[in-house]
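Trainee: The following block contains a protein sequence and its predicted model.
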Amino acid sequence: MAKKVKKRKEIRRKLLHKYRLVILNESTFEEKISFKLSRLNVFVTGSLCIIGLIGLTTLLIAFTPLREYIPGYSSTKLKRQATELTYKTDSLVRTLDYTNRYLNNIRMVLRGDIENNEINRDSLFEQFKLDPSTINLTPIREDSMLRAEVALEDKYNLFERNMEKSDLVLFPPVNGTISEQYDAEKRHFAVDVVAPRDTPVKAVANGMVIFSEWTADTGYVMILEHEDGLLSVYKHNGSLSKVQGDIVRAGEVIASVGNTGKFTTGPHLHFEIWDNGTPVDPMNFIDFN
């Protein structure tokens, strides 16, 4: 027991024993600075300096751009760029998917393929049929006032009346004799109009050129996109007057009658109308005589 006490006293004496650190002038041995130190003071002071240095380094790394120079530490700028690129990539993927579907529709129009030639109207009516007993048909005051106001405007506004047409009327692309009519059973989704070579072919409505190229089977082909998902297709042309991206007006010359392509049988216009991916008979909307 006495040995342990003696050992503790010895350790305490060594820790608290005072030493003097003196800085002298080398030439004159004049004392400039002196410090009284002990082992305990040196240990405490050194520990505090190390802790302070670690804290300062941590603050510099956490709140200054210096952290970007540490290998393996991600940069804030790089994170931001990666996030922006992720959003752009996702947007490009959606755009690419939409473009591919759009191109598939164009290819379908060029090949004359459709997924389903017949639509069961009864099944559509049954699907969207509503039960009148579940709907409140009592007119409200605001609805009655709006109907009266619209009726009054329609009564006196003779020139700007917004009339709903039951049938769509289009500008005839060319006048001539019909050599082959629309026949869905034979997969001939067009009318063939015989006309002299180089007769101007005109746009049936306002729209934009989405295809204007040469194809081996149908020669010079032009496809116009109109409002409400309507497409007009002109095949076997002798020449094309418009390019992809051009805006055309109804009645504007876009091509000329020709006899181009492997499947042609003489100078004529092969004309198609597609409504939201479904072919329709052009003679229901156009008088070619």
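Mentor: Arrived safely, thanks for sending.
Trainee: and residue 97, helix, strand or coil?
Mentor: helix (DSSP: H, G, I helix; E, B strand; the rest coil).
Trainee: Give me the neighbour count for it.
Mentor: Using other C-beta atoms under 10 Å, residue 97 is surrounded by 10 other residues. The C-beta positions use only the backbone N, C-alpha and C, and glycine is treated the same way.
Trainee: do residue 202 as well
Mentor: 19.
Trainee: So it sits against residue 256, correct?
Mentor: No - with contacts defined as C-beta atoms under 8 Å, residue 202 does not count as touching residue 256, sitting 10.4 Å away.
Trainee: Residue 147 - that's part of a strand, no?
Mentor: No - counting by three-state DSSP, residue 147 falls outside a strand, being helix.
Trainee: Distance check, residue 262 against residue 217.
Mentor: 5 Å (C-beta to C-beta, to the nearest Å).
Trainee: which of the two has more neighbours?
Mentor: Neighbours of residue 262 and residue 217, each counted by other C-beta under 10 Å, are more numerous for residue 217; the result is 14 against 9.
Trainee: And that one, its phi and psi?
Mentor: Note on residue 217: its backbone torsions stand at phi -80, psi -40 [degrees, to the nearest 10].
Trainee: per-residue pLDDT, it?
Mentor: On the pLDDT scale, residue 217 is placed at 89.
Trainee: and it, what does it touch?
Mentor: Taking C-beta atoms under 8 Å, 6 or more residues apart in numbering, we find residue 217 in contact with 261-263.
Trainee: Format these as JSON lines; extra columns: pLDDT.
Mentor: JSON lines is the format used below for those (pLDDT from 0 to 100):
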{"residue": "261", "pLDDT": "90"}
{"residue": "262", "pLDDT": "90"}
{"residue": "263", "pLDDT": "86"}
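Trainee: So which of these is the closest to residue 188?
Mentor: Closest approach to residue 188 among these (C-beta to C-beta): residue 263, at 11.0 Å.
Trainee: what about the closest residue to residue 266 other than its chain neighbours, how many neighbours?
Mentor: Using C-beta to C-beta, 6 or more residues apart in numbering and skipping residues adjacent in sequence, the residue nearest residue 266 is residue 259, 5.9 Å away. Neighbours of residue 259 under the rule other C-beta under 10 Å: 14.
Trainee: Repeat that for residue 18.
Mentor: 9.
Trainee: could we number from 31 for the rest of this?
Mentor: Let's use 31 as the start, then, which means that last one is residue 48.
Trainee: Verify the stated contact: it with residue 67.
Mentor: Yes - judged on C-beta under 8 Å, residue 48 makes contact with residue 67 at a distance of 7.3 Å.
Trainee: hey, what's in contact with both of those two?
Mentor: Taking C-beta under 8 Å, 6+ apart as the criterion, residue 48 and residue 67 do not both touch any residue.
Trainee: Strands of the protein, residue ranges please.
Mentor: 48-54, 61-68, 207-210, 221-224, 230-232, 237-245, 249-255, 260-270, 277-278, 283-287, 298-305, 308-310 (DSSP state E).
Trainee: give me the low-pLDDT residue ranges for this protein?
Mentor: 31, 95-106, 143-169, 180-199 (pLDDT under 70).
Trainee: Could you pull up the residues touching residue 253?
Mentor: Counting by C-beta under 8 Å, 6+ apart, residue 253 touches 136, 139-140, 239-242, 261-264.
Trainee: 7 Å instead?
Mentor: 136, 139, 240-241, 261, 263 (C-beta atoms under 7 Å, 6 or more residues apart in numbering).
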